[in-house]
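**Student:** Pasted the sequence and its predicted model underneath.
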Amino acid sequence: MVDENKKNQIHVFNVENLNAWYSDHHVLKNINMYVQDKKSTALIGPSGCGKSTFLRCLNRMNDLIPEFRHEGVIKHKGSDIYGADVDPIDIRRTIGMVFQRPNPFPKSIYDNIIYGLTIFGEKNKTKLDQVVEESLKKAALWDEVKDKLHESALKLSGGQQQRLCIARAIAVSPDVILFDEPCSALDPIATSKIEDLITELKDEYTVVIVTHNMQQAARVSDFTGFFMLGELVEFNETQKIFTSPSNKLTEDYITGRFG
Amino acid sequence: MMIHGTVEQNKRVDKAFRFVAIGATSIGLLALSALLIDILVDGLMRISWDFLTNFPSRKAERAGIYAAIMGTLWIMGLTALFSFPLGVGAGIYLEEYGKKGRFSKIIEINISNLAGVPSIIYGLLGLGIFVRALELDRSILSGALTLTLLILPIIITATRESLKAIPNSIREASLALGATKWQTIWRQILPIATPGILTGGILALSRAIGETAPLVAVGALAYIAFIPESVMDEFTVLPIQIFNWIARPQKEFAINAAAAIIVLLAITLIMNSIAIYLRHKFQKRYKW
């Protein structure tokens, strides 16, 4: 594992002894890990291993599931995101999320992007225009849609919709962007565009990405965590995980012996 | 040979079933058109400006449905005003806020059952609560509140169904951007659910517009020679006027009743057309 010194520093996320349950089902077992600033961290593992649940702990999306329960601490830049005085709304604003399937609102491209700002009362048209352009540029979508900003987002292709969702997340200027298998519903070309984008985004944002595609993890991430049956089997620099894993299970998984 | 015989038999059964289905459809259509034609033949000639703007009278040829139309409009307007916010609010609570569990299942089943309770029961409830206990008398307000109770289950169910049809990914998208639950509902969910809610609501209102029994129970009158000016006025509505005329022995009043039925059918038809139009229009807009 990564040396203990780093573990004890304050990072974007420090996860300590995290356990989680859906009703009686123990889905995360004693997870200890950290996520470094402006790096991209991939979470891999077979289906049902808990990686998505873990990701959704990081922005408290699991709060929406009544059966969900957790123990342990997740600190975002040193402060507990599940603390008593913390509002999940503030957490989700600083920690953005992109989902498995593109989920644009059935509105115009423009309205999709500005939604996050307008819910916090931003009305200045110049400012909104500016954010729309910036976000779409960062999401590598501007050139494709600049002439049809007021057309329905649902007319875009799947890959474009997913980049729109990324732009929408960027628009509220978050710290972290969480990606929950963002390419699983996309074709290979759209996938490679999203991957390029993720590699660029980590210059400015901290990225955590869940993926079932190991090549993808190898391509886009600096750190990789391998989950199995709710446990974090191994966590290390991506390069090390893929070249010299220290755990036999990790090795079996990345060489395709199961999963 | 054997196989060929089976195929022939299958084809015969197929043909026979086709005729049964056509027969079933025709019986329904025939009955309906007979009814419509009968009413149109009887009443169409009677419809005139005078008929629409006259008050009821003892003389059939001078009687009109002005008071009944105005009463129906008052009642429907108030019923819509009461039932939409209550029904939609309850639907939103049950679907978006309420915890899903055994309790919510029980509520759901009960609401469905309420939609099937005979309307006279609601009339008696209205009589007990609004007319007597709250002392609203035989007013428009009593009538509208009673009809509100009657159609509330339908609107709640329509609201819930419309909300249920919206993919959860839309809620997640909004919440993940830091929106509150209410912002999510108000700005994303309700606009998408509106056509469904409106369609259900209008269909509920067109059920209410034909209701007679509950309004008789709360004391609607047949003979009203004035236009209601406030919600506390007494009132009559089209179905009651029709019922009253049908009950009279003179042929002329039966003709009046037929004419009033045509007017009532026309209003219902217009309301249903609006519902269909809205559904069609919004369905195009929100296609996933």
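**Tutor:** Nice, thanks for sending it over.

**Student:** Residue of the stretch 51-200 of chain A nearest chain B, please.
**Tutor:** Per Cβ to the nearest Cβ, residue A:93 is where the stretch 51-200 of chain A lies closest to chain B, at 3.3 Å. For the C-beta atoms, the positions are set from N, CA and C on the backbone; glycine is no exception.

**Student:** Am I right that residue B:76 falls within a helix?
**Tutor:** Yes - the assignment for residue B:76 (DSSP: H, G, I helix; E, B strand; the rest coil) places it in a helix.

**Student:** Give me the distance between it and chain A.
**Tutor:** Separation of residue B:76 from chain A (Cβ to the nearest Cβ, to the nearest Å): 32 Å.

**Student:** Please list all residues in contact with that residue.
**Tutor:** For residue B:76, the contacting residues are B:205, B:208-209, by Cβ atoms under 8 Å, 6 or more residues apart in numbering or on different chains.

**Student:** pLDDT for those - can I get that in CSV?
**Tutor:** Output for the contacts of residue B:76, formatted as CSV (pLDDT from 0 to 100):
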residue, pLDDT
B:205, 90
B:208, 89
B:209, 89
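
**Student:** Which of those has the largest number of neighbours?
**Tutor:** The most crowded member of the contacts of residue B:76 is residue B:208, carrying 25 neighbours; neighbours defined as other Cβ atoms under 10 Å in any protein chain shown.

**Student:** Touching, that residue and residue B:154? I think so.
**Tutor:** No - here residue B:208 does not reach residue B:154: they are 9.1 Å apart, not a contact under Cβ atoms under 8 Å.

**Student:** For the residue of chain B found nearest chain A, list the residues it contacts.
**Tutor:** Closest to chain A within chain B is residue B:178: 3.3 Å, counting by Cβ to the nearest Cβ. Residues in contact with residue B:178, defined by Cβ under 8 Å, 6+ apart, are A:89-90, A:92-93, A:116, A:119-120, A:172.

**Student:** Would you map the helices across the chain?
**Tutor:** You didn't pick a chain, so chain A it is. With DSSP state H as the criterion, chain A has helices at A:4-8, A:51-58, A:88-94, A:109-118, A:125-138, A:142-145, A:158-171, A:188-201, A:214-220, A:238-243, A:248-254.

**Student:** try again with chain B
**Tutor:** Secondary structure of chain B by DSSP H: the helices cover B:2-43, B:49-53, B:66-92, B:102-114, B:119-126, B:140-164, B:168-176, B:181-183, B:190-208, B:213-217, B:238-246, B:251-285.

**Student:** among the ones you listed, which is the most enclosed?
**Tutor:** Highest mean neighbour count of those: helix B:140-164, a mean of 24 (counted as mean count of other Cβ atoms under 10 Å in any protein chain shown).

**Student:** how about it, does it get close to chain A?
**Tutor:** No - using Cβ under 8 Å from any Cβ of the partner chain, helix B:140-164 stays clear of chain A, coming no nearer than 13.9 Å.

**Student:** so residue B:256 touches residue B:60, yeah?
**Tutor:** Yes - contact criterion Cβ under 8 Å: residue B:256 and residue B:60 qualify, at 5.7 Å.

**Student:** ok, now which ones touch residue A:258?
**Tutor:** Residue A:258 neighbours (Cβ under 8 Å, 6+ apart): A:46, A:252.

**Student:** How many residues are close by residue A:121?
**Tutor:** Residue A:121 has 6 nearby residues by other Cβ under 10 Å.

**Student:** Could I get the phi/psi values of it?
**Tutor:** Note on residue A:121: its backbone torsions stand at phi 90, psi 10 [degrees, to the nearest 10].

**Student:** was I right about residue A:164 contacting residue A:105?
**Tutor:** No - contact between residue A:164 and residue A:105 fails when scored by Cβ under 8 Å: they sit 9.8 Å apart.

**Student:** residues shared between the contacts of the two?
**Tutor:** Common neighbours of residue A:164 and residue A:105 (criterion: Cβ under 8 Å, 6+ apart): A:112, A:153.

**Student:** between those two, who's got more neighbours?
**Tutor:** Ranked by neighbour count (other Cβ under 10 Å), residue A:164 and residue A:105 place residue A:164 first, with 25 against 22.

**Student:** which residues touch the more buried one?
**Tutor:** A:102, A:104, A:109, A:112-113, A:136, A:139, A:141, A:145, A:153, A:156.

**Student:** Could you rerun that using 7 Å?
**Tutor:** Residue A:164 is in contact with A:104, A:109, A:112, A:141, A:153, A:156, counting by Cβ atoms under 7 Å, 6 or more residues apart in numbering or on different chains.

**Student:** Run through chain A and note the low-pLDDT ranges.
**Tutor:** Applying pLDDT under 70 to chain A picks out residues A:1-5, A:259.

**Student:** centroid residue for it?
**Tutor:** The centroid of chain A falls nearest to residue A:178 when counting by Cα atoms, centre = their mean (1.4 Å).

**Student:** Please report the distance of the nearest residue to it once chain neighbours are set aside from residue A:203.
**Tutor:** The shortest distance from residue A:178 to any non-neighbouring residue, by Cβ to Cβ, 6 or more residues apart in numbering or on different chains, is to residue A:97 (4.5 Å). Using Cβ to Cβ, to the nearest Å, residue A:97 is found at 20 Å from residue A:203.

**Student:** same thing with residue A:221?
**Tutor:** According to Cβ to Cβ, residue A:221 and residue A:203 sit 14 Å apart.

**Student:** Just to check, the residue nearest to the centre of chain A is in contact with residue A:58?
**Tutor:** Yes - at 5.9 Å, residue A:178 and residue A:58 qualify as touching, with contact defined as Cβ atoms under 7 Å.

**Student:** Look at the nearest residue to residue B:91 once chain neighbours are set aside and report its pLDDT.
**Tutor:** Residue nearest to residue B:91 in three dimensions, not counting chain neighbours: residue B:159, with 2.7 Å by Cβ to Cβ, 6+ apart. pLDDT recorded at residue B:159 is 95.

**Student:** is it true that residue B:159 touches residue B:89?
**Tutor:** No - judged on Cβ under 7 Å, residue B:159 makes no contact with residue B:89 at a distance of 8.6 Å.

**Student:** circling back: I'd like the helices of chain B as TSV, with distance to residue A:19 appended.
**Tutor:** Formatted as TSV, the helices of chain B follow (distance: least, Cβ to Cβ, whole Å):
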stretch	distance to residue A:19
helix B:2-43	60
helix B:49-53	74
helix B:66-92	34
helix B:102-114	28
helix B:119-126	52
helix B:140-164	33
helix B:168-176	24
helix B:181-183	27
helix B:190-208	37
helix B:213-217	57
helix B:238-246	64
helix B:251-285	45
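
**Student:** Looking at those, spot the one closest to residue B:225.
**Tutor:** Residue B:225 sits nearest to helix B:66-92 of all these, at 6.8 Å, using Cβ to Cβ.

**Student:** Averaged pLDDT, that closest one. What do you get?
**Tutor:** The predicted model assigns helix B:66-92 a mean pLDDT of 92.

**Student:** Now do that helix against helix B:238-246, angle only.
**Tutor:** 140 degrees (axes from the mean of the first three to the mean of the last three Cα atoms, to 10 degrees).

**Student:** Off-centre distance for helix B:66-92?
**Tutor:** Centroid separation for helix B:66-92 versus its chain: 10 Å, with Cα atoms, centre = their mean, to the nearest Å.

**Student:** Stretch B:27-43 too?
**Tutor:** 21 Å.

**Student:** and if you look at stretch A:157-175?
**Tutor:** The answer for stretch A:157-175 is 12 Å, by Cα atoms, centre = their mean.

**Student:** Same check on stretch A:78-88?
**Tutor:** Centroid displacement of stretch A:78-88 relative to its chain, using Cα atoms, centre = their mean, is 19 Å.

**Student:** circling back: contacting residues for the residue of the stretch 51-200 of chain A closest to chain B?
**Tutor:** The neighbourhood of residue A:93, defined by Cβ under 7 Å, 6+ apart, consists of A:172, A:174, B:178.

**Student:** mind redoing it with 10 Å?
**Tutor:** Taking Cβ atoms under 10 Å, 6 or more residues apart in numbering or on different chains as the criterion, residue A:93 is in contact with A:59, A:87, A:116, A:119-120, A:172-175, B:176-179.
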